[in-house]
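Trainee: My questions concern the predicted model and sequence given below.
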Amino acid sequence: MYKKIIILSVILFLFLTKAYSEKSIYIDVSVNDEIITNLDIEKESQYLKMLNPQLKELDKKKIYKIAKNSLINEIIKKNEVKKYFQIDREIDIIDKIYKDFFKNLGFSNENEFNNSLLKNKTYSDLDLKEKLKIDFFWNRIILDKFNDLVKIDKNILIQKIKNTDENKNEYFLSEILFYKDKNSNLDQQINNIKQSINNVGFNNTASIYSRSETANVGGKIGWISEKSLSQKIVNELDKIKIGEYTNVIKLRNNFLILKIEDKKKTKIETNYEVVLNKMIDYEKNKQLNQYSNIYFNKIKINNSINEF
């Protein structure tokens, strides 16, 4: 009872403060009993711009909205994770995940990365490790719930390897993965995405519209060999050049637009087992990502989201 009174008092105080000062701290949105202030969103904005510098090209309102949605999604995931795991405890693997995280961003050591966090006025290293911990446990949930549903035909993949030429294309791809909104026309939805691409670029549009886990980094997937892709996707990529994006590709439960950021020829690895394992990992991650989106949309409706 006292806890609810305190929360309501804080909400009332911050809400009234918003009316008197533009520079004050105010509540922007609440998810269940957890509040998100404008300063939380600003901090998340700075963090997302570190992950995807192209976000800086967007106007502040769009960046603010992306950051707010990111925090809402994080709280929903955190609440779900708490049902299955004790996330307050220390786990050794987070230090390794943190190290891999800053190295993937191009930082050579932890001090350099932590100084960059401080310079960009975003999260501390401890705060960021908590965010990574939520992602880690969320992925554990998805793996536990849906791993048995992942369907991979190794024979098809092996045949793809055997059918490949000695030199194959390798693409650096970015993606926009989206579902049909229940309350909108699909053609209009696609037109909105294409118009956004024309206005703010593909990667910024991915941050706005994509439902993939890659949205926070502008939809960037990274280097992928064409032998890891379905023939349907390869056929679409063959139609475009570097810097261009594909037509909308219909997948099982969603829609996909791909952009070729870069392209190169690579020799096929002689170790078929290595190639096969890479293809299996890619296909498995793709399917689990789809299940992650489906599961998130399912649990989201059970959360109370209120904007102020």
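Mentor: Everything's here; your move. Numbering: from 1, shown residues only.
Trainee: centroid residue for the chain?
Mentor: The centroid of the chain falls nearest to E213 when counting by CA atoms, centre = their mean (2.5 Å).
Trainee: How about the longest helix along the chain, which residues are buried there?
Mentor: Identified as the longest helix of the chain according to DSSP state H is helix 272-300. Judged by neighbour count using 16 or more other CB atoms under 10 Å, the buried positions of helix 272-300 are 275-276, 278-279, 282-283, 286-293, 295-296. Where you see a C-beta, it was placed from the backbone N, CA and C, and this is true even at glycine.
Trainee: Likewise for stretch 213-224?
Mentor: 213-221, 224.
Trainee: circling back to that earlier point, nearest to D153 among the buried residues of helix 272-300?
Mentor: Distance to D153, by CB to CB, is smallest for E283 among the buried residues of helix 272-300, at 9.3 Å.
Trainee: Just the helices from this protein, written as ranges.
Mentor: 2-20, 38-51, 60-81, 93-104, 110-119, 125-146, 154-163, 186-200, 202-209, 231-237, 272-300.
Trainee: Indicate which one of those helices is closest to T246.
Mentor: The nearest among those, by CB to CB, is helix 231-237 at 4.2 Å.
Trainee: out of the helices of the chain, deepest packed?
Mentor: Mean neighbour count (mean count of other CB atoms under 10 Å) peaks for helix 202-209 among the helices of the chain, with a mean of 24.
Trainee: Would you mind listing the outside residues contacting that one?
Mentor: Contacts with helix 202-209, where a contact means CB atoms under 8 Å, 6 or more residues apart in numbering, come from 48, 52, 54-55, 57-58, 62, 65-66, 174-176, 178, 192-193, 196-197, 200, 212, 214-216, 218-220, 245, 259.
Trainee: what's the average pLDDT for that helix?
Mentor: The pLDDT scores in helix 202-209 average 92.
Trainee: any idea how far that helix is from the chain center?
Mentor: 11 Å (CA atoms, centre = their mean, to the nearest Å).
Trainee: if I read this right, K227 contacts E170, doesn't it?
Mentor: No: the pair K227 / E170 is not scored as a contact, 9.1 Å apart, by CB atoms under 8 Å.
Trainee: between the two, who's got more neighbours?
Mentor: K227 (23 against 17; other CB atoms under 10 Å).
Trainee: which residues does the nearest residue to K49 once chain neighbours are set aside contact?
Mentor: Once flanking residues are discounted, K49 sits nearest to L55: 4.8 Å by CB to CB, 6 or more residues apart in numbering. By CB under 8 Å, 6+ apart, the contact list for L55 reads 48-49, 63, 66, 204, 207, 218.
Trainee: Tell me the spacing between L55 and I63.
Mentor: For L55, the distance to I63 equals 6 Å [CB to CB, to the nearest Å].
Trainee: For the two, list the residues in contact with both.
Mentor: By CB under 8 Å, 6+ apart, the residues touching both L55 and I63 are 48-49.
Trainee: Give me the pLDDT for the residue lying closest to L157 once chain neighbours are set aside.
Mentor: Residue nearest to L157 in three dimensions, not counting chain neighbours: M279, with 4.9 Å by CB to CB, 6+ apart. At M279, the model reports a pLDDT of 85.
Trainee: and what of the one 10 residues further on?
Mentor: Note on N289: pLDDT of 89.
Trainee: Now the two most distant members of the contacts of L55.
Mentor: Farthest pair in the contacts of L55, by CB to CB: I63 and G218, 12.4 Å.
Trainee: re the thing from before, mind checking which of the buried residues of stretch 213-224 are in strands?
Mentor: 220-221, 224 (DSSP state E).
Trainee: For E307, name its beta-bridge partners.
Mentor: Per DSSP bridges, the residues bridged to E307 are V29.
Trainee: what's around it, how many residues?
Mentor: E307 has 10 neighbouring residues, counting by other CB under 10 Å.
Trainee: Pretty sure it sits against Y26.
Mentor: No: with contact defined as CB under 8 Å, E307 does not count as touching Y26 (11.8 Å).
Trainee: so what's in contact with the two at the same time?
Mentor: Between them, E307 and Y26 share no contacting residue under CB under 8 Å, 6+ apart.
Trainee: Listing request: residues of the protein with sub-threshold pLDDT.
Mentor: The chain contains residues with pLDDT under 70 at 1-23, 90, 163-167, 267-271.
Trainee: re earlier: and of the helices of the chain, who's closest to I249?
Mentor: Of all the helices of the chain, it is helix 231-237 that lies closest to I249, at 5.7 Å by CB to CB.
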